[in-house]
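Visitor: I need the structure of the sequence given here:
(one chain, ligands or ions: 1)
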Amino acid sequence: MTLAQRRILLGVSGGIAAYKSCELVRRLRELGAEVRVVMTESATRFVGAATFQALSGQPVRVSLWDASAEAAMGHIELARWAERILVAPASADLLARLAHGHADDLLSTLCLASAAPLQVAPAMNRQMWAHPAVQANIQTLQRRGVQVLGPASGEQACGDVGSGRMLEPQALRDAMVASFGDGMLAGLRVLVSAGPTYEDIDPVRFIGNRSSGRMGFALAEAAALAGASVTLIAGPVSLPTPTGVLARVDVRSAAQMHAAVLAAAAEADIYIGTAAVGDYRPAEVATRKLKKKAGADLFLQLAENPDILASLSAQAGHPFLVGFAAETHDVLPYAHEKLQRKGLDMIAANQVGEGIGFEASDNALSVVWNGGSIDLARASKSVLARQLVAILAERYRAARA
Ligand code: CTP
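Guide: Got it, this is the predicted structure:
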């Protein structure tokens, strides 16, 4: 991992997480990056400019109207100098100003004046983060190609627990490295489906399954960290979009997931189908809530859903296909059989049961392809995801060589 001679402009806005950005400067410089820090006026109330100056080894700028700083390196020059702009922490106010194209201080002006890719690491109270105004600004920025890194969830400075914490410096540094495309999947477009599907019976009931979506979300994150442009198609889960994922489409049913995956697959080099797609759906969805008829059994007729992986593998020029299989027994024989039957390039199979698989935070996988297999020992889903991405990168290259 290196950032040798990379020119990074770090924007620091006003928030308690600004103290973590001191550590971030060190982490970036450790990998050889040149870092220049620009602070907003309110950021200086949390951390002194002298701290960033000492850590970056460069003068820190705050104001657009600092004549001597402008003489040394004008703001337009600084905007051109930057290869990346990372705003960490990005406060709710700064995100709003970026979304609306304000240029009323040095940092917002630089973001407008620079052609460098912009990354923001939001940090705020969970209630603020969840506010529709903030979410709308985030969506505006994402549509413009701004990379939103985090936030993470956990305990907050204000004592609340929830989503809104700034990502840790290490994660921000990794995302920065990946953004320069030095990763194993650099330049590749990866499409990931994750989570369960819900097949509606009537307006209040559905048939679902116990997939948590965590394995797919971990894979999406690992692929993004490896330099891929990642699109995530998510079934009904309550998980935040992982770091570095460029686009997320939320769906509910297998039919919606099928349509969303097929629409995005034309633009993908690799499709990873981690979603636990319902194989069947109620043949008819009642428009009104079904009423209990005491004393009588209820029969539900189910219609078969299309198989997403099989639909893709039937298309000419389809992406490299990675399937998942959850089995309660005979994991390997079923994995081999599914690899052939669905026309896959690779399949990751796992055993589900008590304490492992679906709702657990860790997992163990057997990865199988034509001519080989590897067993990945039980580990957290994020560790497994990174291992799987490494195998995937190798298999993809071997297949396309
Ligand atoms: N899958 C899919 N479309 C479906 C069903 C499954 O793309 N309609 C994908 C899943 O995303 C996953 C793999 O197929 O990658 C899982 O296969 P699974 O459902 O376990 O296999 P089935 O063919 O349904 O076999 P079985 O139910 O016998 O286990």
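
Visitor: list the contacts of the closest residue to Val120 other than its chain neighbours.
Guide: In space, and not counting its chain neighbours, Val120 is closest to Ala90: 4.0 Å by CB to CB, 6 or more residues apart in numbering. Backbone N, C-alpha and C define where each C-beta goes, glycine included. Residues in contact with Ala90, defined by CB atoms under 8 Å, 6 or more residues apart in numbering, are Gly11, Ser13, Leu98, Val120, Ala121, Pro122, Ala123.

Visitor: list just the nearest of those residues to Asp362.
Guide: Within the contacts of Ala90, the smallest distance to Asp362 is 27.2 Å, found for Ala121 (CB to CB).

Visitor: ok so, going back, how much space between the residue nearest to Val120 and Ala401?
Guide: Using CB to CB, to the nearest Å, Ala90 is found at 41 Å from Ala401.

Visitor: can you check Gln5 too?
Guide: Gln5 is 31 Å from Ala401, where distance means CB to CB.

Visitor: now do Ser179
Guide: In terms of CB to CB, Ser179 sits 26 Å off from Ala401.

Visitor: so how far is the top helix by length along the chain off the chain centroid?
Guide: In the chain, ranked by residue count with DSSP state H as the criterion, the top helix is helix 381-400. From the chain centre to the centre of helix 381-400 is a distance of 17 Å (CA atoms, centre = their mean, to the nearest Å).

Visitor: and Gln5 and Ala401? Which one has more around it.
Guide: Gln5 (9 against 5; other CB atoms under 10 Å).

Visitor: which residues of this protein lie near the ligand?
Guide: Proximity of the chain to the ligand is confined to 193, 254, 273, 275, 277, 279, 305, 307-309, 323-325, 338 under the rule CB under 6 Å from any ligand atom.

Visitor: and the pLDDT at Gly195?
Guide: pLDDT for Gly195: 97.

Visitor: for it, give its distance to Ser212.
Guide: Distance from Gly195 to Ser212, by CB to CB: 7 Å.

Visitor: over to Gln5?
Guide: 42 Å.

Visitor: same check on Gly227?
Guide: From Gly227 to Ser212 the distance is 26 Å (CB to CB).

Visitor: okay, the two: which has more neighbours?
Guide: Neighbour totals were compared for Gly227 and Ser212, and Gly227 leads with 23 against 20 (other CB under 10 Å).

Visitor: name the SS class of that one, please.
Guide: The local conformation at Gly227, judged by DSSP: H, G, I helix; E, B strand; the rest coil, is coil.

Visitor: what distance do you get for it to the ligand?
Guide: 23 Å (CB to the nearest ligand atom, to the nearest Å).

Visitor: all strands of the stretch 1-150 of the chain, in order?
Guide: 7-12, 34-39, 84-90, 118-122, 147-148 (DSSP state E, counting those that start in this stretch).

Visitor: if we can go back for a sec, who touches both of Gly195 and Ser212?
Guide: Val237, Leu239.

Visitor: show me the contacts for Trp129.
Guide: Ala92, Pro122, Pro151, Gly162, Ser163, Gly164.

Visitor: so can I have a markdown table of those residues showing neighbour count?
Guide: Shown next, in a markdown table, are these (neighbours: other CB atoms under 10 Å):
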| residue | neighbour count |
| --- | --- |
| Ala92 | 21 |
| Pro122 | 31 |
| Pro151 | 24 |
| Gly162 | 15 |
| Ser163 | 17 |
| Gly164 | 27 |
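
Visitor: let's have the residues you listed in a markdown table, adding pLDDT.
Guide: Shown next, in a markdown table, are the contacts of Trp129 (pLDDT from 0 to 100):
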| residue | pLDDT |
| --- | --- |
| Ala92 | 98 |
| Pro122 | 96 |
| Pro151 | 90 |
| Gly162 | 85 |
| Ser163 | 87 |
| Gly164 | 92 |
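
Visitor: give me the subset of those lying in helices.
Guide: Ala92.
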